[in-house]
Structures are given as C-alpha cells and as structure tokens.
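Chemist: Model the structure of this input:
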Amino acid sequence: MAPVFGYRITTTPFDEDYTPAADSRRTTNFANLARGTNRRENLRTALRMMDARLGDLTTESGTRSDRYSLGLEIVTADLLLDADGTGPAFPFVEFLAVTILDRATGERIPGIVGNNFSSYIRDYDFSVVLPAFNATRAQFAVPEDFGVLHGMLFQDFLASEAYRSRFARPPVVCLSVSTSRTYRRAGAPHPVLGVEYRQSASSLTDDYFSRMGMQARFFMPRGAVAPLAFYFTGDLLTDHSDLALYGTISTMEVFQRIYRPEIYNTEAPAGEVFAPTLDNPDFSTTGVVYDRVERTELGRKQGELIERLLMVPHRAELDSWSAAGAR
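Modeler: Numbering: from 1, shown residues only. Below you'll find the predicted structure:
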C-alpha cells in the first residue's frame, strides 16, 4: 500500500524584529533581508515601503492613504512521511500570508497566502537535477518528469486538512517576470491589477508551476514600472477581493524592487512590448541590502541537503506514493 503523507504548518511574524529560525529555508528572500548588520533597517525600510505602496493603491478608491497597513506572517510547512506525525519530518515549502489592518475600524482582514513562495524540493530540481541532466548535453534540455513529484506534493498539501483548516482560499504566488521572454500588452486594464501582458512563450518556471496546478497571468499595476507574474488556481480576477489583491501587489512589488531593481525600480515603465533584463543600467537601488550571489549559492546547498535527507533515502516511499496518484 502506498504511504499517506501529512503536513505540519507553523507561522512566524515577519516584522522588524524577525530573525530567521535555525531550520528556516535560508534562500527564502525574506530571510536574506534579515541577516547581517543592516538586518533591522532592511526590514523596517521594506515594511515601510509596503505600507506606502498600499496607501498609494487604496487612496485611488477614496480612502485615506494611511487607513490600511500590512501584517505579514511566514508560513512554514513540513512534509511528514507518516500522516500521524510519528515519522520523520522534512522542510517542504515556505510562503507569506498577508493580513490587512483597517485602522479606521480595527478590523484585521485576511489577505492572500502564497506570495513569496519557496521550496526545498524546487531547489533540488533546479540546482541539482537540472544541472546534472545537462552536464553532458550540448543543448539545454529538461527531464520529462521534471517537477512532477513536487507538483503532486504541492497539490496534496493544498488538499490537506493542515492547509484547509488554516486558509480559506488557495494561494497566489507572485514572482518576477522571466528575463528570457518578451511581453506584450493585451486588452483593457483591470481596475486593480492594471495592464495585462502576454508572453511570447511559456517559461521553464511557468511549466514548473503548471505541474503544481497553477496557471500564469502577467499584470502591471497602476504606478508600477513592470508587470508581475501571478501564479494561481481558479480565477485570479474574481476569487479575491480588491483589498486582498492590493495587499499582494504592495508586498510583492516592494520585494521585487529590492531583488530585481533593474526591472522593477527603473525610471521608464514597460511599454507596449517589454523585454526584461538584469543588464539594464537605468535603475536605482532601494537602500535595502540583498545578496543575490549568496541566494544562488544557498539554493544549490539546500537542494543538495534535501537530496541527502529526503530524495535519496526515501525515494522508494516517494515513488510509491506518486505512482499511486497521491490522495
């Protein structure tokens, strides 16, 4: 009989006092900001920028610019090889959950979960499996089953009681657009998400998220300079309130301005046709210290870690589970 996996969720406030836990996924972008001598100023600046952006977006709807502020939690999910939790546990995914505080009423309004998604097995796939597969190839290629196990586990996680008991809606993952694709404007702007763009062809990231049951759309919100990539299930435009979408835009646009200033912190906004590049010299920094080189190196190390702890010693259980079609 195929095993039945379980999941365990813990949460950590993401505020100016945040310090990454010893077992936190170190390549997570928010963890990168919270290390070093500038950690507190990094966090304070990033959070202040997010609230300011939320104010910009919601003022358009007639509210005071300081009415709303963001509350962020880091959601950490472990994979349990025994559903009852008695067996070994392994770090699986991390993402952010957004709450919007209405200062006028005191209400705390649930926002969107997902946002700054990261995954140990994704590190393994992209930093271990893919380089090994291409080591002796003259032309880049992708394994036929690339991302299949991760996608099945992620969808199993969303269907689990651990997820459904905490979150009423499926996640939306918001990332940078791909530097290997060209984007073109399409149709009338959405009142919240802004101008939609469509890409020349799907990217490797798009294909990977499709294995997770998620589709992609690309929007440049009002006041932004580049489109964001939204990965979602269901209907992005109707499944979430305007305020929840504003919360995700405010959170992820600021992260991208920090991580990808060459794309998201430039003077010139994307035009009818947009080809994002990290070689763009016309950008300014946010003053928040972020180490992209360290993140890449840690991605490889953490991919190797999960290979050693989970993928190799428990391959038989994983293969049996995936062959049985999960739940």
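
Chemist: Quick check: next helix or strand after the worst-scoring helix or strand of the chain on mean pLDDT?
Modeler: The weakest-scoring helix or strand in the chain, judged by mean pLDDT, DSSP states H and E, is helix 29-33 (a mean of 62). The first helix or strand that comes after helix 29-33 along the chain, using DSSP states H and E, is helix 39-59.

Chemist: Could you list the residues in contact with that following helix?
Modeler: Residues outside helix 39-59 that contact it (C-beta atoms under 8 Å, 6 or more residues apart in numbering): 14-19, 33-34, 36, 65-70, 72, 100, 221-223, 243, 246-247, 249-251, 253-255, 257-258, 286-290. (Glycine included, C-beta is placed from N, CA and C.)

Chemist: Show the contacting residues for the residue lying closest to R181 once chain neighbours are set aside.
Modeler: Nearest residue to R181, sequence neighbours excluded (C-beta to C-beta, 6 or more residues apart in numbering): Q199, at 4.5 Å. Q199 sits next to 177-178, 181-184, 218 when contact means C-beta under 8 Å, 6+ apart.

Chemist: the strands in the stretch 201-327 of the chain, which residues?
Modeler: 215-220, 228-232, 273-274 (DSSP state E, counting those that start in this stretch).

Chemist: Tell me which residues are up against the last one.
Modeler: By C-beta under 8 Å, 6+ apart, the surrounding residues in contact with strand 273-274 are 177, 182-185, 197, 226-227.

Chemist: Paired strands for it, with orientation please.
Modeler: Each strand paired with strand 273-274, and its direction, by DSSP bridges: strand 183-185 (antiparallel).

Chemist: Please compute how far the strand it pairs with lies from its chain's middle.
Modeler: 22 Å (C-alpha atoms, centre = their mean, to the nearest Å).

Chemist: ditto for stretch 232-252
Modeler: Stretch 232-252 sits 13 Å away from the centroid of its parent chain (C-alpha atoms, centre = their mean).

Chemist: Show me what counts as buried in that stretch.
Modeler: 232-233, 236, 240, 243-252 (16 or more other C-beta atoms under 10 Å).

Chemist: how long is that stretch from one end to the other?
Modeler: 15 Å (C-alpha to C-alpha, to the nearest Å).

Chemist: State the mean pLDDT of it.
Modeler: Mean pLDDT, computed over stretch 232-252, is 95.

Chemist: Check stretch 199-212 too.
Modeler: Rounded mean pLDDT across stretch 199-212 is 95.

Chemist: try stretch 281-290
Modeler: 84.

Chemist: now that stretch, how far from the centre of its chain.
Modeler: The answer for stretch 281-290 is 21 Å, by C-alpha atoms, centre = their mean.

Chemist: Equivalent analysis for stretch 138-148, please.
Modeler: The chain centroid and the centroid of stretch 138-148 are separated by 22 Å under C-alpha atoms, centre = their mean.

Chemist: And that stretch, end to end?
Modeler: 25 Å.

Chemist: cool, stretch 143-163 as well?
Modeler: With C-alpha to C-alpha, one end of stretch 143-163 sits 30 Å from the other.

Chemist: contact partners of that stretch?
Modeler: By C-beta under 8 Å, 6+ apart, stretch 143-163 touches 5-9, 77, 79, 92-93, 119, 121-122, 125, 129-130, 133, 164, 170-171, 207-208, 210-213, 233, 318, 322, 326-327.

Chemist: how about that stretch: buried residues?
Modeler: 146-147, 149-158, 160, 162-163.
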